[in-house]
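# Sequence first, then the predicted structure, then my questions.
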Amino acid sequence: MSSKFTYTINTVRFDEHYSPADDTRLTTNFANLARGEARQENLRKAINMINNNFNSLANWDNPQKDRYSVELDIVHVDVDVEGNGETFPTIEVLKTSIVDHYSNKRIEGIVGNNFSSYVRDYDFSVVLRKHNEGKDHFSVPENYGELHGKMFQDFINSSAYEENFSKPPVICLSVSDNKTYHRTSNKHPVLGTEYKPDDTSLTEQYFKTMGMKVRYFMPANSSAPYAFFFFGDLLNDYSVLELISTLSTMETFQKIYRPEIYNTNSVAGEVYKPSLRNHDHSVTQVVYDKEERARLAIEQGKWCEENFIQKHENTLKQWASDIASAY
């Protein structure tokens, strides 16, 4: 079934000169770094961390650990739901490219990595909050996240995505701090040891509506597992260098934003329970405003409600009903 929605893709290079666009979510990892007096130093340090992480993981035929560098492009996706040329910013992800300085080759990486969405802000900061106001027990409303999930899958199956990217996306996120993870005997040469949670999380359920599966791996030099959301076969559909590009990028962001989990002085054991109250950790030299991030998430959710959900309510409901059988 063909979609009635039209998607437009634009890319912006993420480097020390990056400045967020007006319609970029300011809570997005890369946008948060690019603000304030220390913005250029923040960006320079983060990019240096990514390159160092990459070379540490891709250590074969790389004696000086300087063979590779990672180029990052921010992929900005707009959607036209009415067919009148008026667009709304739907998602932003990162696209990695690998530069091999020994062979002077540029190697395609993975699209996805980070995941930014105004509609997700609306679901988590508006819908979920309203549903649980005044209730003793937390619950999830019926059909929660379905519109977002259908729109994401529609974009992945669109001609715009096919024309710009050769493989499905991989999203790499932090583990949930309210779940317990158990180490398995399965081990990947790059992603490391696989862990499995004792129960599903709200994030897992949300990404499931987007058509994505999840696996958890802890690389050899990391202190905790990462959640990898993907389509298809994560371990066989992507090359080793592609996987390293995602891991090195997102490991850097998580060390900055979740040092309590990913920059700790102890390593996850056979049974692992993440905690954001873990004080035995080190902070990076990159400035990050957590309080602003929490406040802006609510503001962004309300902005999405007013400027997208309510504005196009009838169109979105009809589209979701028409496309329900497609996915």
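Yes, it's here.
# Break down the stretch 201-327 of the chain into its strands, ranges please.
For the stretch 201-327 of the chain, the strands identified by DSSP state E, counting those that start in this stretch occupy 213-218, 226-230, 271-272, in order along the chain.
# just how off-centre is the shortest one within its chain?
It refers to strand 271-272. 24 Å (C-alpha atoms, centre = their mean, to the nearest Å).
# what is the mean pLDDT for that strand?
In this model, strand 271-272 carries a mean pLDDT of 96.
# Provide the contact partners of it at residue level.
Contact with strand 271-272 is made by Thr180, Tyr181, His182, Arg183, Tyr195, Ala224, Pro225, as judged by C-beta atoms under 8 Å, 6 or more residues apart in numbering. No exception for glycine: its C-beta is placed from N, CA and C like everyone else's.
# ok, which pair from these is furthest apart?
By the measure C-beta to C-beta, the contacts of strand 271-272 have their two most distant members at His182 and Ala224, which lie 13.3 Å apart.
# what about the two, which has more around it?
For the pair His182 and Ala224, the greater number of neighbours falls to Ala224 (24 against 14), based on other C-beta atoms under 10 Å.
# For that one, grab phi and psi.
With angles defined as degrees, to the nearest 10, Ala224 sits at phi -160, psi 160.
# Who are the contact partners of it?
Residues near Ala224 by C-beta under 8 Å, 6+ apart: Val175, Met218, Ile261, Tyr262, Thr264, Val267, Ala268, Tyr272, Pro274.
# Correct me if wrong: the first one contacts Ile261.
Pointing back at Val175 there. Yes. Counting by C-beta atoms under 8 Å, Ile261 is a contact partner of Val175 at 6.9 Å.
# who touches both of these two?
Common contacts of Val175 and Ile261 (C-beta under 8 Å, 6+ apart): Ala224, Pro274.
# where along the protein do the helices fall?
Taking DSSP state H as the criterion, the chain carries its helices at 29-33, 39-57, 118-122, 128-132, 146-156, 159-164, 202-209, 240-257, 259-262, 290-304, 313-323.
# how long is stretch 100-111 from one end to the other?
Its first and final residues considered, stretch 100-111 spans 19 Å by C-alpha to C-alpha, to the nearest Å.
# State the mean pLDDT of stretch 65-83.
The predicted model assigns stretch 65-83 a mean pLDDT of 96.
# Let me see the contact set for the residue lying closest to Met250 once chain neighbours are set aside.
If the residues on either side of it in the chain are set aside, Met250 comes closest to Cys172, at 3.8 Å by C-beta to C-beta, 6 or more residues apart in numbering. Residues in contact with Cys172, defined by C-beta under 8 Å, 6+ apart, are Gly112, Asn113, Asn114, Tyr226, Ala227, Phe228, Phe229, Thr246, Leu247, Thr249, Met250.
# Between these, which sits nearest Val93?
Checking these against Val93 by C-beta to C-beta gives Gly112 as the nearest, at 5.1 Å.
# Show me the shaky parts of this protein.
Within the chain, the segments meeting pLDDT under 70 span 1-3, 21-32, 34-36, 287-295, 324-327.
# now the strands for the stretch 1-150 of the chain?
Taking DSSP E, counting those that start in this stretch as the criterion, the stretch 1-150 of the chain contains strands spanning 6-14, 68-80, 88-100, 105-117.
# Relative to Thr246, how far out is Glu260?
Spatial separation of Glu260 from Thr246 under the definition C-beta to C-beta, to the nearest Å is 22 Å.
# In terms of packing, which of these two has more residues around it?
Neighbours were counted for Glu260 and for Thr246 using other C-beta under 10 Å; Thr246 has more, 28 against 18.
# give the contact list for the more buried one.
Taking C-beta under 8 Å, 6+ apart as the test, what Thr246 contacts is Thr96, Gly109, Ile110, Gly112, Asn113, Val170, Cys172, Phe228.
# Let's see that with 6 Å instead.
Listed by C-beta atoms under 6 Å, 6 or more residues apart in numbering, the contact partners of Thr246 are Ile110, Asn113, Val170, Cys172.
# what's the answer for Val99, then?
Listed by C-beta under 6 Å, 6+ apart, the contact partners of Val99 are Ser69, Arg106.
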